[in-house]
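Turn this into a structure:
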Amino acid sequence: MPHRLLHRLPPRLRYLLSLSCSLLGLFALAKLSFLLYTQPPASSLSLAAVGQVLVHGFSLDLAVLGYLLLVPLLLVAGSLLRPEVAARRMLRPYHLFLALLLPLILLVDAGLYPYWGFKLDATVFQYLDHPAAAAASVSLGFILVALLLYLALALGLYWILEHCAAPRWLRGRHPWLAALGYLLLLGPSFVAIRGGLGKSTSNVGQVYFSQDQWLNHAAVNPVFSFASSLAHVEDLDAEYNAFSEAERARLVAGLYPAADGPLADTLLSVQRPNVLLIIMESFGARFVGSFGGDAAVSPQLDRLAREGVRFERCYANSYRTDRGTVCLLSGYPSFPRHSVMKMPAQLRSLSGIAAELQRVGYTTDFVYGGDANFTNTKGYLLGSGYQRVTDVTGLSSSLPRNSWGVHDEATLDYVYQQIISRPKGKPWHIGLLTLSSHEPWDVPYQRLEGKERNAFAYLDAQLGRFVDRLRQRPEWQDLLIICVADHGYHRAEDAGSRHGLATHHIPMLWLGGALRGPRSFGQLMTQTDLAATLLAQLGLSSERFAFSRNVLGTSYRYPFAYYTFNDGFAYIDSTGYSVVDNATGQCIEEAGAGAELRRARGRALLQTSYDDLARR
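Numbering: from 1, shown residues only. Sure thing, here's the model as predicted:
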């Protein structure tokens, strides 16, 4: 009966209904595929949950449909004003556009989610300048299967859309009146786009319904997520304006005291030590026993921690290497949906640890076994004070490597040779970014079960070997080694949220003969505090690092940690912690009294940091 009724409708209206049903069916199928493909091992998927995902996500599907119907509605109305227009000839370019674009967005969204943990948005453009590096996390087989699936979906969708339209549409008796009727259908389309007639407009958070973020993300239409992020990506000054200027200033007052001032503790026995900063890829505290993690993974770091200086409550400011690197080296905060490393205009105004050391006579180098052009890394490093950047292109082609670049063992050997060949009497600083503890976890080492844990164990083993070799050299006496992660890591089987404290907790360990002796500190801090803390120990000013705090200074009286993730933030202080999803305003994790003030300060810091970024 519905089929008969459909064929009794005017051909143009039948086309619009068929097109709408086809697109809504595609979005529903994409949600089901997303649930099946991205399901975490610890999650159980019930029919009720699937139904809720489809029902709650339908409003955003309608919003996207409203956008996609604008062109067909105009073309359908226009076809009435010309005698016997060939429908397919008129609509074919638009059908082809939809067939090429929609499957691409849906497949990329599902494919990236297991690695990123959030829905597709404008962030993807920050990693596509170098597609070979962006694809290094996945295998060639995965890419080939994805391409074949994309072609099949694109061809299938194109065939369906083409068959929604009749070969020819007749003009009819009252073409102008009929055209007006189809134009009036633009009204319901705009209502769908807006999300109704109320004050609120369509947004990602409107489909959230569960405490399980994975189910919420499954309900989000990735086309909407992607398009809405594009619409807001450059309006920095308007981002996250939760408070009036006076209220914002009141909430952040005193959070970042002047870092210059008397030291509460002196760690160094050498005024101008040589400084080696090792940024450990993804090496969260969950993999280091002395920081409360898995002791089986990192026996070498645990051994070294007993003889060095441990900062036990350090948190990564962000969730990607490009973002965490800027936080570490420039003492600048992270942003939920922006990578400062990809913003050359803003980068020019940032200082860096290397730049400050260069001012007082240090030579500065950075070494990375991968492609330093990825995400503008090389441009940032050179702009922040590194005089020379050595990456995979500057290392011997005979060195063993994986899809990301040269294995850490070989890169550490290269740095070792650089250190022992340095001329005496002139201080130096080397930054080193490791890469082996990263998907696809391909390392020349096998000690632990599980590719992820084994890859981290490999880096641990190589760091232990590297430090032990340096310990036998005379350079050891004037050497300060800082080991710190660029960001944490969350496995599917790990307890807690992907954006929770356990994921962002990272180790920071100072080693070397330049230290007075082993110590441990429990102050709350983040990566951004490394710059001011290190410079203070060297007797240097950190006035160019407004968002960095000397955590060993007498002015650091209110310890707190603040970090961001995709459209969210966390705020931690002595009262407890709050991890907030900005899309809904709800907490993903929370504990302790004073939650309202923590949330307010977190939002005020978001507003403050974006205001600062907009001014740069």
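
How far off centre is stretch 399-407?
Distance, stretch centre to chain centre, for stretch 399-407: 23 Å (CA atoms, centre = their mean, to the nearest Å).

Which parts of that stretch count as buried, going by neighbours?
Taking 16 or more other CB atoms under 10 Å as the basis for neighbour counts, the residues of stretch 399-407 that come out buried are 399, 401-407. Quick note: C-beta positions are derived from backbone N, CA and C, even for glycine.

ranges for the strands of the stretch 151-300 of the chain?
All strands of the stretch 151-300 of the chain, identified by DSSP state E, counting those that start in this stretch, fall at 168-169, 274-280.

Pick the most deeply packed of the ones you listed.
Mean neighbours per residue, mean count of other CB atoms under 10 Å, is largest over the strands of the stretch 151-300 of the chain for strand 274-280, with a mean of 24.

then that strand to PDB, C-alphas only?
Once non-C-alpha atoms are left out, strand 274-280 reads as follows in PDB (Å, rounded to 0.1, in the frame of the first residue of the first chain):
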ATOM      1  CA  ASN A 274      73.500  20.900  29.400                       C
ATOM      2  CA  VAL A 275      69.800  20.100  29.000                       C
ATOM      3  CA  LEU A 276      68.400  17.000  27.200                       C
ATOM      4  CA  LEU A 277      64.600  17.000  27.000                       C
ATOM      5  CA  ILE A 278      63.200  13.700  25.900                       C
ATOM      6  CA  ILE A 279      59.500  13.900  24.900                       C
ATOM      7  CA  MET A 280      58.200  10.300  25.200                       C
END
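
Name the strands paired with it and say parallel or antiparallel.
strand 428-433 (parallel), strand 479-485 (parallel) (DSSP bridges).

Am I right that Leu535 falls within a helix?
Yes. Following the definition DSSP: H, G, I helix; E, B strand; the rest coil, Leu535 is counted among the residues of a helix.

May I ask you to confirm that it is in contact with Arg549?
No. Assessed by CB atoms under 8 Å, Leu535 is found out of contact with Arg549, at 11.4 Å.

Show me which of those two is the more surrounded one.
More neighbours sit around Arg549 than around the other of Leu535 and Arg549, counting by other CB atoms under 10 Å; the figures are 29 against 24.

Quick check: that one is in a helix.
No. With three-state DSSP as the criterion, Arg549 is assigned coil and is not in a helix.

Go ahead and confirm it touches Met525.
Yes. With contact defined as CB under 8 Å, Arg549 reaches Met525; the gap is 7.3 Å.

Stretch 444-455 spans what distance, first to last residue?
Taking CA to CA, to the nearest Å as the measure, stretch 444-455 stretches 9 Å from start to finish.

Include distance to Asn241 and mean pLDDT when you put the strands of the stretch 151-300 of the chain into JSON lines, please.
As requested, those are arranged in JSON lines below (distance: least, CB to CB, whole Å; pLDDT from 0 to 100):
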{"stretch": "strand 168-169", "distance to Asn241": "49", "mean pLDDT": "60"}
{"stretch": "strand 274-280", "distance to Asn241": "33", "mean pLDDT": "98"}
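
Now do the buried residues in stretch 603-616.
Residues of stretch 603-616 classed as buried: 603-613 (neighbour count, 16+ other CB under 10 Å).

swap in stretch 374-387?
Residues 374-381, 383-386 are the ones in stretch 374-387 that count as buried (16+ other CB under 10 Å).

Looking at the residues you listed, which are in helices?
Cross-referencing those with the helices (criterion: DSSP state H) gives 377-381, 383 as the overlap.

Same list, those, but as CSV with pLDDT and distance to Pro427 please.
Below are these laid out as CSV (pLDDT from 0 to 100; distance: CB to CB, whole Å):
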residue, pLDDT, distance to Pro427
Thr377, 89, 24
Lys378, 91, 24
Gly379, 88, 25
Tyr380, 91, 23
Leu381, 92, 19
Gly383, 89, 22
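
Farthest pair within these?
Maximum pairwise distance in these, criterion CB to CB, is 10.8 Å, between Thr377 and Gly383.

re earlier: now render the strands of the stretch 151-300 of the chain as CSV, adding distance to His487.
Below are these laid out as CSV (distance: least, CB to CB, whole Å):
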stretch, distance to His487
strand 168-169, 56
strand 274-280, 10
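
which residues do Arg549 and Met525 both contact?
Thr533 (CB atoms under 8 Å, 6 or more residues apart in numbering).

I'd like the next helix or strand past the helix or strand bottoming out on mean pLDDT in the chain.
The weakest-scoring helix or strand in the chain, judged by mean pLDDT, DSSP states H and E, is strand 85-86 (a mean of 54). Elements were assigned by DSSP states H and E; along the chain past strand 85-86, the next helix or strand is helix 87-116.

Please identify the buried residues of that following helix?
With burial defined by 16+ other CB under 10 Å, the residues of helix 87-116 counted as buried are 87, 90-91, 95, 98-99, 102-103, 105-113, 116.

Summarise which helices and strands that helix is packed against.
Of the remaining helices and strands, those touching helix 87-116 by 3 or more CB pairs under 8 Å, 6 or more residues apart in numbering; DSSP states H and E are helix 11-38, helix 70-79, helix 140-164, helix 222-232.

any chance of those helices in CSV, with mean neighbour count too?
CSV is the format used below for the helices and strands packed on helix 87-116 (neighbours: other CB atoms under 10 Å):
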stretch, mean neighbour count
helix 11-38, 18
helix 70-79, 19
helix 140-164, 14
helix 222-232, 19
